[in-house]
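Participant: Predicted model follows, preceded by the sequence.
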Amino acid sequence: MLTLVLVAGVFLAGLKQQWWPVPRHWNPFMALHLDDPITPVTRWKLRRLGDRPEACGAVLNTAPEGALDALPLEDYTPVESCPLTNVVRVRSTVVAFNNSFVARCPLVAAWSLYERRRLQPLAREYFDQPVAEVWHYGTFACRNIYHREDDRRSDHATASALDVAAFSLADGTRVSVRDHWDDEGEKGAFLHAAFDGACGLFGTALGPDYNAAHADHFHFGLRGFGICR
């Protein structure tokens, strides 16, 4: 047992000191970049950014030119009992949004990775064109889950979740969670693949199969360890 502990310690020390070459996206001690491939280490790196605004800002700055328009914000309290920390206002990424939104910095990093590595490749696979616009229901709402008075705070109370309702493709085609989740054609297949693609990246991914409250959107949140329902 002691030998295993020592070996593990040497291995981790070697990764941290970069004694041997390990690709950045596999090395937990190397900073996340938004053009990195997604690996099992990615979500751990994202979680570490929660209370490190400067480090998270540096990650957002690795986005390719024109791929992220986000303004860092000072910590503030828009609603009593719901302070917001380590947040940015997102105006666009490689897609347009129906509205700009304020979100925790790690959520924006997760979305950028998801968009680049999962969403857009799937759009090209199913429709031979990219997603041009994302329609969402927002990120921030100072409330408990399901608005229950005696339950825990929602991820939305800290702007740590994005609710995605629909995607518009480059040619104007609209793919809606409400209208097309059960579609037996390519729109339904795309939505299921897009949801599955979020499951290994966000802490929590909830969709129409979870409950009626999510019948018209995907909930992509930071809390949790790969919850996918």
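Facilitator: Looks like it arrived, so ask away. Keep in mind the model is a prediction, meaning the values are calculated, not measured.

Participant: per-residue pLDDT, the spatially closest residue to R118 that is not a sequence neighbour?
Facilitator: Distances taken as CB to CB, 6 or more residues apart in numbering put G197 closest to R118, at 3.4 Å, once the chain neighbours are dropped. In this view, the C-beta of every residue, glycine as well, is placed from N, C-alpha and C. For G197, the pLDDT comes out at 96.

Participant: Same check on P21?
Facilitator: pLDDT at P21 comes out at 75.

Participant: related to what we said a few turns ago, you'd agree the residue nearest to R118 is in a strand?
Facilitator: No. Using DSSP: H, G, I helix; E, B strand; the rest coil, the secondary structure at G197 is helix, not a strand.

Participant: Measure how buried it is and give me the count.
Facilitator: 17 (other CB atoms under 10 Å).

Participant: ditto for F225
Facilitator: 9.

Participant: so where's the protein uncertain?
Facilitator: 1-20 (pLDDT under 70).

Participant: now the strands for it?
Facilitator: 69-72, 76-79, 82-84, 87-92, 96-104, 131-138, 161-169, 174-176, 204-206, 218-221, 227-228 (DSSP state E).

Participant: Tell me which residues touch R152, please.
Facilitator: N144, I145 (CB atoms under 8 Å, 6 or more residues apart in numbering).

Participant: Would you list the phi and psi of the residue nearest to N144 when sequence neighbours are not counted?
Facilitator: Once flanking residues are discounted, N144 sits nearest to D151: 4.5 Å by CB to CB, 6+ apart. Note on D151: its backbone torsions stand at phi -110, psi 180 [degrees, to the nearest 10].

Participant: Is D151 in contact with R143, as I believe?
Facilitator: No. The pair D151 and R143 fails to qualify as a contact (CB atoms under 8 Å) at a distance of 9.6 Å.

Participant: Who has more neighbours out of the two?
Facilitator: It is R143, of D151 and R143, that has more neighbours when counted by other CB under 10 Å, with 16 against 11.

Participant: which non-adjacent residue is nearest the more buried one?
Facilitator: Here the residue nearest R143, using CB to CB, 6+ apart, is S154, at 5.6 Å.

Participant: ok, that neighbour - how many residues close by?
Facilitator: 22.

Participant: so it makes contact with D163?
Facilitator: No. Assessed by CB under 8 Å, S154 is found out of contact with D163, at 10.7 Å.

Participant: how near is H136 to R89?
Facilitator: If you measure H136 against R89 using CB to CB, to the nearest Å, the figure is 14 Å.

Participant: ok, now Q129?
Facilitator: 28 Å.

Participant: And N99, by the same measure?
Facilitator: Taken as CB to CB, the span from N99 to R89 is 11 Å.
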